[in-house]
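Chemist: Here is the input, now give the coordinates:
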Amino acid sequence: MEINAPITLTDEQRSELLQRTRSRRARAEDVRRAHVILMLAAGESYTAIQQAVGCFPAYIRRWKVRFIRDGMPGLGSRYRGQPPRILTPQLEARILARTRQAPPDGSTHWSTRKLATVLGVSHMMIARVWARAGLQPHRFRRYMASTDPDFETKAADIIGLYLNPPRHAAVFAVDEKSAIQALDRLQPVLPLSPGRAERHGFEYYRHGTVSLLAALNTRTGNVLGQTVPRHTSAVFVDFLATVVASQPRGKEIHVILDNLSTHKTTRVADCVAAHRNVHLHFTPTYASWLNQIELWFSKMERDLIARGIFSSVGDLRRKIMRYIRLHNGHARPVRWTYRDPSHRITVTTDSDVTGN
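Modeler: The predicted structure follows:
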């Protein structure tokens with residue numbers, strides 16, 4: 001076969017090749033080969049074809065030889081890839097079962113490509129199966145299981161204070177946010193700009209810490225706050241007296257607390273004994289999420305603490321108290337719901353964590 005022989009096209013071949021080059025549905029590789037043959041038939045040089053099509057001389061020679069030998073059928077691909085894998089119920093069940101097993105490389109979770117390599121399927125098939133089953137191996141959540149034998153009784157007591165509080169009584173959710181750091185950045189903050197997030201320098205200076213005692217009025221959403229160098233039982237008793245003083249004399253006050261040791265000292269007991277109208281309600285063990293003040297602490301952390309820059313402990317205190325004042329200007333109560341009392345995490349006797 002003479003490789004330098006010119007290519008002569010019939011009218012039918014030229015028409016089909018031109019149709020391929022103009023088609024919007026043909027494979028890009030088929031269009032590319034049609035361009036090569038048409039340019040060869042027009043007497044174009046290899047250099048011109050390389051520049052126009054973007055290929056190497058070996059590519060041009062290969063398809064020229066195949067066209068001279070086999071005609072139009074010679075421009076077809078000889079390797080068309082593997083046949084598509086059909087997602088059967090059995091294969092889907094196998095994917096889901098393997099997803100729940102640990103990867104063999106010692107990593108903690110699967111990725112779509114890693115599992116696809118092991119099972120010999122497309123990673124997009126893995127992604128579709130996971131999406132349909134609601135599986136997200138790359139994500140996880142933490143939980144805390146309460147081991148309190150009186151969980152239901154204590155939880156019902158606190159939830160009752162939220163949903164059906166006693167008439168003519170005040171309900172406060174009280175807790176401490178301890179060791180809030182007064183961090184000052186050593187480099188200037190680069191402000192937010194289009195296409196770029198606000199940036200903080202990695203290095204910081206720690207001026208000290210402060211603790212915040214806060215009481216959330218569950219009926220109004222207002223917060224009473226007091227900053228202290230460190231939280232102790234004596235400080236907590238003083239703050240409890242402040243909460244009592246914020247209400248009319250003799251008004252019933254219900255205080256929701258967690259099981260911190262400073263909440264259960266003799267001083268606290270003496271304070272409650274001196275104020276007969278004050279009633280303490282303790283959350284179950286490892287269930288401080290029942291305390292609504294934790295929701296407010298979380299909001300304050302996002303709004304003020306996490307990205308705040310504080311030049312001193314005093315600056316931190318002023319900004320915390322200003323945040324409380326501004327919050328109280330438009331305070332709203334928390335809309336507390338408890339939709340499914342049966343859905344909670346429990347610890348069985350063999351220490352397996354299950355959801356009831």
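
Chemist: wouldn't Gly221 be in contact with Pro333 here?
Modeler: Yes. The pair Gly221 and Pro333 passes the contact test of Cβ atoms under 8 Å, sitting 4.4 Å apart. Glycine gets a C-beta too; all of them are placed from N, C-alpha and C.

Chemist: what about the residue nearest to Gly71 when sequence neighbours are not counted, helix or strand, and which?
Modeler: Of all residues not flanking Gly71 in the chain, Gln13 sits nearest, at 7.2 Å (Cβ to Cβ, 6 or more residues apart in numbering). Per DSSP states H and E: Gln13 is located in helix 11-22.

Chemist: what helices or strands is the helix or strand containing Ile60 leaning on?
Modeler: Ile60 is located in helix 57-70, with elements delineated by DSSP H and E. Contact here means 3 or more Cβ pairs under 8 Å, 6 or more residues apart in numbering; DSSP states H and E; on that basis helix 57-70 packs against helix 28-41, helix 46-49.

Chemist: Quick one: mean pLDDT over that helix.
Modeler: Averaged over helix 57-70, pLDDT sits at 91.

Chemist: Counting neighbours, show which residues of the helix or strand just after that helix come out buried.
Modeler: Using DSSP H and E, the helix or strand that follows helix 57-70 in sequence is helix 89-99. For helix 89-99, burial by neighbour count (16 or more other Cβ atoms under 10 Å) applies to Ile95, Thr99.

Chemist: Now do the strands in the stretch 151-300 of the chain.
Modeler: Ranges of strands in the stretch 151-300 of the chain, per DSSP state E, counting those that start in this stretch, are 169-185, 204-217, 223-228, 252-257, 278-282.

Chemist: what pairs with the second one, and is each one parallel or antiparallel?
Modeler: Sheet pairing of strand 204-217 (DSSP bridges) gives strand 169-185 (antiparallel), strand 223-228 (antiparallel).

Chemist: could I get these as TSV with mean pLDDT, mean neighbour count and distance to Ile68?
Modeler: Shown next, in TSV, are these (pLDDT from 0 to 100; neighbours: other Cβ atoms under 10 Å; distance: least, Cβ to Cβ, whole Å):
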stretch	mean pLDDT	mean neighbour count	distance to Ile68
strand 169-185	94	20	72
strand 223-228	95	20	87
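
Chemist: got JSON lines for those strands, with distance to Val237 too?
Modeler: Shown next, in JSON lines, are these (distance: least, Cβ to Cβ, whole Å):
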{"stretch": "strand 169-185", "distance to Val237": "12"}
{"stretch": "strand 223-228", "distance to Val237": "12"}
